[in-house]
Each structure stands twice: as C-alpha cells, then as structure tokens.
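*Asks:* Build me a model:
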Amino acid sequence: MIPDGVVLELASKRRSIRKFMTTPVPLGDVFYAIKAALQAPSGANRQPWRFVVIGDSETKMRIREASEAWEKRFHESGSLPEWFRKWLRERNITWEKPFLSEAPYLIAVFSRRGEPYARESTWLAIGYLLLALEEKGLASLTYTPANPNVLAKMIGTPRNYMLETIIPVGLAGEDKKKENRLSLREAVFINEWGNQV
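*Replies:* The predicted model follows:
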C-alpha cells in the first residue's frame, strides 16, 4: 500500500522545466513513467494513446528547428493578447526551444482520432506520466507545438493519430520555483457553486 501523502507530495514538487542538463538518464525510467500512463482511465477503455520516445540527436534537432520556425511566427504575429505577452516576458519564454534538443529524451504523445473522449483520455494518461517522471526524479515540460501535423509527419505517425504534446525529459538544468496554485478554498465548492470549503 502506498503511504498517505505520496501522490500529493509528487504533485506539489512537480514543476514545468525549460532548461535541461544533457546528462543521460536511464531509458528504463522513461518506460516506467509510460507504464504508469498506460494505467489511466479512458473512454470505453479504448486506450487511444500512443507514445514515441525520441533519443536520437538528429531527430530532436529537426523537431526543434521545425518548432522554432513556427514559434517565431506565432510570437511575432501580433495576435497574442497583451496579458499573454506579459506572462511570456516575465518568464523569459521566447520562440527559441532549446529543451527540444538538450533534453536526453522527448516523449511525443498522440491520441487516436475518432475514439470516444480520445483527447481527454490521453491527457489523463499524460497526468499519470508526469507524476511518474517526478517520482523518478526526472524533470519534464508539456510542450504543445504550434505545428503538430508537421512534427507528426516528421516521425512517420499514421494520419489517424494526433500529436497532443511533446514532453522533454531529463535532469533539470534550472532551479525553478513552482508557480502558485489555487487553495482548496479558492477552487472547491460544497453542494453548490459559491458554497466554499
């Protein structure tokens, strides 16, 4: 039996990391996290997720270059709301995505089109995956590319699968503080909306 508090502790420690050390990490730890993800619930138990683990330097660099080309257009488009531009500036997030080539592994996560609740189910699996990576002491980030179809084609994905996210995995190359979270009182109501805990 898992001791009380383990899941909450992992969830409380987990941060989105954008700088990774290039130090190799055990592939077995990545597979462990994916095995945890495979235990997630899914619509009609269709398990619509698939995972591609990428450790090849050349493939990672091609993914980075293609992503940065699209991200540059996105960041410079002028269509971003000012609050979002400010949020990006405060965190020094630019169109450059070095984590896509520096992290030892990328996990590309796909959902199968046409399955019931495919995206919701796949993101539940991603949540399990992130906590299992944290358990193994591995940093991660859910990077949602602006050009998912281009990247999916680059790694030979069948057309009936949609790229949901690319998760860089490795040792953290930054000591980043966890962003604030809502308290139970702010986020939870009892019996009806507005009746706070």
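*Asks:* Which helix or which strand is home to Ala125?
*Replies:* helix 118-135 (DSSP states H and E).
*Asks:* Now do the very next helix or strand once past that helix: distance to the chain's middle.
*Replies:* Sequence order places strand 139-140 as the next helix or strand after helix 118-135, per DSSP H and E. From the chain centre to the centre of strand 139-140 is a distance of 9 Å (Cα atoms, centre = their mean, to the nearest Å).
*Asks:* who's in contact with the helix holding Ala125?
*Replies:* With Cβ atoms under 8 Å, 6 or more residues apart in numbering as the test, helix 118-135 has contacts from 7, 10-11, 13-14, 29-30, 32-43, 46-49, 107, 109-112, 115, 139-140, 142, 162, 164-165, 167, 169. (Each C-beta comes from the backbone N, C-alpha and C, glycine too.)
*Asks:* what about the residue lying closest to Ala108 once chain neighbours are set aside, neighbour count?
*Replies:* The shortest distance from Ala108 to any non-neighbouring residue, by Cβ to Cβ, 6 or more residues apart in numbering, is to Val52 (4.3 Å). Applying other Cβ atoms under 10 Å, we find 17 residues neighbouring Val52.
*Asks:* How about the secondary structure of Val52?
*Replies:* Classification of Val52 using DSSP: H, G, I helix; E, B strand; the rest coil returns strand.
*Asks:* residues contacting it?
*Replies:* Contacts of Val52 by Cβ under 8 Å, 6+ apart are Ile107, Ala108, Phe110, Ile155, Thr157.
*Asks:* Show me which helix runs longest in this protein.
*Replies:* helix 57-76 (DSSP state H).
*Asks:* what angle do the helix or strand that it is followed by and helix 57-76 make?
*Replies:* Later in the chain than helix 57-76, the nearest helix or strand by DSSP H and E is helix 82-90. Angle, helix 82-90 to helix 57-76, by axes from the mean of the first three to the mean of the last three Cα atoms, to 10 degrees: 130 degrees.
*Asks:* Which is the succeeding secondary structure element to helix 82-90?
*Replies:* helix 99-102.
*Asks:* list the helices and strands that next one packs on?
*Replies:* When contacts are defined as 3 or more Cβ pairs under 8 Å, 6 or more residues apart in numbering; DSSP states H and E, helix 99-102 packs onto helix 57-76, strand 161-170.
*Asks:* mind redoing it with 6 Å?
*Replies:* The contact analysis (3 or more Cβ pairs under 6 Å, 6 or more residues apart in numbering; DSSP states H and E) places helix 99-102 against helix 57-76.
*Asks:* Which residues does the helix it packs on contact?
*Replies:* Residues from elsewhere that reach helix 57-76 (Cβ atoms under 6 Å, 6 or more residues apart in numbering): Ile54, Trp95, Lys97, Leu100, Ser101, Leu106, Pro145, Ala146, Asn147, Val150, Leu151.
*Asks:* And these, which of them are buried?
*Replies:* Among these, those classed as buried by 16 or more other Cβ atoms under 10 Å are Ile54, Trp95, Lys97, Leu100, Ser101, Leu106, Pro145, Asn147, Leu151.
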